[in-house]
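**Student:** Sequence and predicted structure below; questions after.
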Amino acid sequence: MSSPNSSQSTNFKKRSSNVLENREVRLKKASSWLRKKDPITKKLIDSIGLCKLKTIGTPYQVLIKSVLGQQLSVKVALTFERRLISLVGSKKIPSPEQILKIPNDEMRKIGVSQAKTETIKRIAEAYLKRSITDSKLHKLEDSDVLKLLCSIKGVGPWTAEMVLIFALDRWDHFSINDLILRKSVEKHYGISKDNKKEIQLFLNTYSPYRTILSWYLWADIDGGEGWG
């Protein structure tokens, strides 16, 4: 006869397995839906295979990661992330309390600019004051998430969009401010990367799976690096 703890452990493993299975099923469903849209999209998806998009942290963590990664390659951004974590001797993004205790000159020593340091500390302050919480962000519509996050000085649309995609797991968003994505749209669909309005209108036809299409467009450029 198994112990209660053993039974609980088995149930947890089953639930975890179901979550992963359900996500894979959902991703396959989304990819199948997109493949039927047009021959170009079908060819793009078939050349890459199964979408591997996944979340990479809590809204707070992804927000900090994204500020660090503004206008940087994924590789360089990860280097700064590791340096920030090392400042507090932790294994994850420092808490708001920890962030505010880090002297600005220590941030500069690890290569984080003054502007990014100030933005990161404003985020920490907002979380401590609870004007922004992970729970609140999960409950908001996409547009309201963007509005709330962009109210923090130094957090722009691209940074807020990364939270939508990589923390809140919203599957119907295209980051129009991401140059790599626009270049991929130009490559595959022939719409100029500089014509944001036309790209946005075109991508609207791929709702409710614009995030999934974004993953494929990105993966075609760099193998999906930075996109889970």
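**Tutor:** Here it is on my side, so go on.

**Student:** drop to CA atoms for contacts and neighbour counts, all remaining ones
**Tutor:** Fine.

**Student:** Quick check: nearest residue in space to the residue nearest in space to the middle of the chain, chain neighbours excluded?
**Tutor:** Centroid-nearest residue in the chain, with CA atoms, centre = their mean: Phe166, separated by 2.5 Å. Distances taken as CA to CA, 6 or more residues apart in numbering place Thr55 nearest to Phe166, at 4.4 Å, with adjacent residues excluded.

**Student:** just Thr58 next, same as before
**Tutor:** Nearest non-adjacent residue to Thr58, counting by CA to CA, 6+ apart: Ala167, 5.3 Å away.

**Student:** Need phi/psi at that neighbour.
**Tutor:** The phi/psi pair for Ala167 (degrees, to the nearest 10) reads phi -120, psi -50.

**Student:** That one contacts Lys65, correct?
**Tutor:** No - taking CA atoms under 8 Å as the definition, Ala167 is not a contact partner of Lys65, at 10.9 Å.

**Student:** For the residue nearest to Phe166, give me its contacts.
**Tutor:** By CA atoms under 8 Å, 6 or more residues apart in numbering, the contact set of Thr55 is 165-169, 228.

**Student:** burial of Leu164, as a residue count?
**Tutor:** Neighbour count of Leu164, defined by other CA atoms under 10 Å: 28.

**Student:** Would you confirm that it contacts Asp172?
**Tutor:** No - counting by CA under 8 Å, Leu164 sits too far from Asp172 to count as a contact (9.5 Å).

**Student:** what about this structure, any weak spots by pLDDT?
**Tutor:** Flagging of the chain using pLDDT under 70 yields the residue ranges 1-21, 223-228.

**Student:** Quick one: the helices in it, in order.
**Tutor:** Under the criterion DSSP state H, the chain contains helices at 4-35, 39-48, 59-68, 74-87, 96-101, 104-109, 114-129, 134-139, 142-149, 157-166, 179-189, 196-203, 210-222.

**Student:** Now Lys37. Nearest residue, chain neighbours left out?
**Tutor:** Tyr206 (7.8 Å).

**Student:** The one you found touches Leu34, doesn't it?
**Tutor:** Yes - with contacts counted by CA under 8 Å, Tyr206 reaches Leu34, the gap being 7.2 Å.

**Student:** Find residues that contact each of those two.
**Tutor:** With CA under 8 Å, 6+ apart applied, the overlap between the contact sets of Tyr206 and Leu34 consists of Leu213.

**Student:** Pick out whichever of these two has more residues nearby.
**Tutor:** Leu34 (21 against 18).

**Student:** Can you name the residues that contact the more buried one?
**Tutor:** 41-42, 206, 209, 213.

**Student:** Quick check: the two most widely separated of the residues you listed?
**Tutor:** Checked with CA to CA, these reach their widest spread between Lys42 and Tyr209, with 14.0 Å between them.

**Student:** Tell me which of the two has more neighbours.
**Tutor:** Using other CA under 10 Å as the criterion, Lys42 and Tyr209 rank with Tyr209 on top: 21 against 16.
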